[in-house]
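In: Below are the sequence and a predicted model for it; my questions follow.
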Amino acid sequence: MLIAQNISLTLLSRQVLHNISANFAPGKMSIILGPNGAGKSSLLSCLAALRRVDSGSVMLDDTPLADMNANIRARKIGFLPQEGEVNWDIDAGALVALGRYPYQRGWGLSKDDEIAINNAMAATKTEIFMHRNVARLSGGERARVLMARILAGTPDWILADEPLANLDPHYQIEILRQLKKQTLNGKGVVAILHDLTAAAAIADHIILLKNGEIAASGTAAQVMQAQILEDIFETKFDIGQNENGKLLISCQY
Ligand SMILES: Nc1ncnc2c1ncn2[C@@H]1O[C@H](COP(=O)(O)OP(=O)(O)OP(=O)(O)O)[C@@H](O)[C@H]1O
């Protein structure tokens with residue numbers, strides 16, 4: 001389990017997370033939603049130990065993340081940041097290979113490294129970009145390469161900050177299916193999304209943040225209710241279902 005225990009975070013003398021407690025289960029897709037500035041990215045950074053919390057702790061399987069060796073932590077947790085920009089002069093294959101960095105002992109790639117890299121590029125359909133400069137890929141192509149870098153590290157946990165940004169509908173579905181597949185293989189996924197319908201379709205567990213606090217938490221059926229969403233987003237929503245019973249959520253234009 002990845003567990004946030006009463007975590008609070010202050011940035012530039014402004015408290016952005018207030019006493020957050022949440023459990024994230026392996027093999028499950030947990031989705032964090034909420035308005036801009038609610039604290040979603042801040043929470044995800046704390047869960048990845050990229051930010052030190054002011055109080056409380058983040059535990060991974062009974063060990064405080066803050067006490068864990070950085071290399072071991074990097075093998076366990078893959079973090080996909082929100083900004084998909086890559087300003088290095090680097091080919092996609094080399095960028096994906098960086099996902100193996102926590103495993104490297106000497107020079108060059110091991111057989112295991114090569115297998116993991118090939119699997120990750122196949123899963124994200126990025127082999128065709130192997131020798132292409134990442135800076136010259138489209139935003140959507142680069143997003144898939146960055147996802148491949150995370151998968152190459154074969155982490156137990158994937159923490160993804162808006163993994164669907166810049167993707168067309170086809171690749172949004174591809175990435176969501178890829179993340180879901182990871183959970184079916186026993187990995188824990190925690191992702192920030194803005195698309196409420198996509199979140200409802202894919203989430204095992206949803207956390208809605210507002211003003212740095214958990215405003216609602218539960219299954220899609222429990223939290224995707226017009227009044228709850230209106231209170232959190234300060235916007236009216238229409239909630240329906242398609243013929244398969246999937247929730248369709250759109251704000252009222
Ligand atoms: N490095 C920082 N220094 C100071 N304040 C920050 C910093 N990063 C974020 N904040 C502030 O913390 C609050 C939460 O930001 P955060 O990025 O976690 O929100 P978010 O829910 O991910 O928003 P969005 O949906 O817009 O990405 C915001 O008010 C933001 O201005």
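Out: Alright, I've got the coordinates.
In: C-alpha from now on. contacts and neighbour counts both.
Out: OK.
In: Residue 153 contacts residue 80, correct?
Out: No: the criterion here is C-alpha atoms under 8 Å, and residue 153 misses it with residue 80 at 11.7 Å.
In: The two: who's more crowded?
Out: Legend: neighbour count by other C-alpha atoms under 10 Å for residue 153 and residue 80, higher for residue 153 (26 against 21).
In: Okay, and the beta partners of the closest residue to residue 56 other than its chain neighbours?
Out: Of all residues not flanking residue 56 in the chain, residue 7 sits nearest, at 4.3 Å (C-alpha to C-alpha, 6 or more residues apart in numbering). Under DSSP bridges, the beta-bridge partners of residue 7 are residue 20.
In: Pull the contacting residues for residue 7.
Out: Shown in contact with residue 7 (C-alpha atoms under 8 Å, 6 or more residues apart in numbering): 17, 18, 19, 20, 21, 53, 54, 55, 56, 57, 58.
In: Also residue 228?
Out: Residues near residue 228 by C-alpha under 8 Å, 6+ apart: residue 216.
In: how far away is it from the ligand?
Out: Relative to the ligand, residue 228 is positioned 17 Å away (C-alpha to the nearest ligand atom, to the nearest Å).
In: after whatever helix or strand that residue lives in, next one along is what?
Out: Using DSSP states H and E, the element containing residue 228 is helix 226-233. Downstream of helix 226-233, the next assigned helix or strand under DSSP H and E is strand 237-241.
In: tell me which strands and helices that following strand is in contact with?
Out: helix 226-233, strand 247-251 (3 or more C-alpha pairs under 8 Å, 6 or more residues apart in numbering; DSSP states H and E).
In: Check the residue nearest to residue 56 and give its pLDDT.
Out: As predicted, residue 7 sits at a pLDDT of 96.
In: Pretty sure residue 208 sits in a strand.
Out: Yes: under DSSP: H, G, I helix; E, B strand; the rest coil, residue 208 sits within a strand.
In: and it, what does it touch?
Out: Residue 208 touches 32, 33, 34, 214, 215, 216, 217, 232, counting by C-alpha under 8 Å, 6+ apart.
In: what's the burial count for the closest residue to the last one other than its chain neighbours?
Out: It refers to residue 232. Excluding the flanking residues, the one nearest residue 232 by C-alpha to C-alpha, 6+ apart is residue 210, at 6.3 Å. For residue 210, the count of nearby residues is 22 (other C-alpha under 10 Å).
In: how much space between residue 210 and residue 231?
Out: For residue 210, the distance to residue 231 equals 9 Å [C-alpha to C-alpha, to the nearest Å].
In: One more: residue 90?
Out: Where residue 231 is concerned, residue 90 sits at a distance of 45 Å (C-alpha to C-alpha).
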